[in-house]
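1. output the structure for:
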Amino acid sequence: MAKLYFYFSTMNAGKSTALLQSSYNYRERGMRTLVYTAAIDDRDGGRVHSRIGLSSEARRFGGDVNLFQQVAREHVVERLSCVLVDEAQFLEPRHVRELSAVVDQLGIPVLCYGLRTDFRGELFPGSARLLAVADELIELKTICHCGRKATMVVRTGADGRAEVEGAQVEIGGNERYLPLCRRHFHEARGEFLEP
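-> The predicted structure follows:
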């Protein structure tokens, strides 16, 4: 039975690497996959790239793209075994509904990979919807500088200090993002509570 999966984590946990490995596993067995990435990030010309050097062609989602209709058309041309979505935090809630229909109506598994929260600790709209409706929630883990599991991310400014305000989305500048445990997230933001 097909399911909608949401693989979530903070930055630098290997989400794109895991997506590319999953796609490779299907293709190695002669099965066709369709890979999507966010149109908002146009740096790679419609490719999914991992930090360890793997990459794949990808279609872009965003704006007026209807994912259900695109996948259904592709499935008619040649059977699809899996749909994989990178940067799933940038999905709009309606895109998540369309991906749910891919699973429920077409019987194709959908694997979404993305961030759960932004640098302020707030849910992205796409992630919030996936957390609400996905059949399977899988956390990909990375670590804080202290060795604990990192569940949060901070964005640093030119001075190296954590930013507490700003636009939710900033394309590029990955070196400005640090995965942290909750304790060090609040400490970096100056949010420790007084007793």
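2. list the contacts of the spatially closest residue to residue 39 that is not a sequence neighbour.
-> Excluding its sequence neighbours, the residue lying closest to residue 39 (C-beta to C-beta, 6 or more residues apart in numbering) is residue 62, at 3.3 Å. All C-beta spots, glycine's among them, are computed from the backbone N, C-alpha and C. By C-beta atoms under 8 Å, 6 or more residues apart in numbering, the contact list for residue 62 reads 38, 39, 40, 90, 92.
3. quickly note the distance from the last one to residue 193.
-> In this view, residue 92 and residue 193 are 35 Å apart by C-beta to C-beta, to the nearest Å.
4. so these two - more neighbours on which side?
-> residue 92 (16 against 5; other C-beta atoms under 10 Å).
5. before we move on, the earlier item: among the contacts of residue 62, which one has the lowest pLDDT?
-> Among the contacts of residue 62, residue 40 carries the lowest pLDDT, at 77.
6. quick one: it and residue 92 touch, right?
-> No: proximity of residue 40 to residue 92 does not meet the contact threshold set by C-beta atoms under 8 Å, at 10.8 Å.
7. centre-most residue in this structure?
-> residue 114 (1.5 Å; C-alpha atoms, centre = their mean).
8. count the residues that sit near residue 22.
-> By the criterion of other C-beta under 10 Å, residue 22 has 19 neighbours.
9. that one is in contact with residue 85, isn't it?
-> No: the criterion here is C-beta under 8 Å, and residue 22 misses it with residue 85 at 11.2 Å.
10. hey, what's in contact with both of these two?
-> The contact lists of residue 22 and residue 85 share residue 111, where a contact means C-beta under 8 Å, 6+ apart.
11. from the middle of its chain, how far away would the strand or helix carrying residue 8 be?
-> Assigned by DSSP states H and E, residue 8 falls within strand 4-9. How far strand 4-9 lies from its chain's middle: 8 Å, per C-alpha atoms, centre = their mean, to the nearest Å.
12. in it, what counts as buried?
-> Within strand 4-9, the residues that qualify as buried are 4, 5, 6, 7, 8, 9, counting by 16 or more other C-beta atoms under 10 Å.
13. tell me who's in contact with the third one.
-> Shown in contact with residue 6 (C-beta under 8 Å, 6+ apart): 88, 112, 114, 127, 130, 131, 134, 136, 137, 138.
14. contacts only, for the third one.
-> Residues touching residue 114, when contacts are defined by C-beta under 8 Å, 6+ apart, comprise 6-8, 15, 85-91, 124, 126-127, 130.
15. pLDDT-wise, what's the bottom of the residues you listed?
-> Lowest pLDDT among the contacts of residue 114: residue 15, 87.
16. that residue: neighbour count?
-> Neighbours around residue 15, by other C-beta under 10 Å: 25.
17. cool, thanks, signing off.
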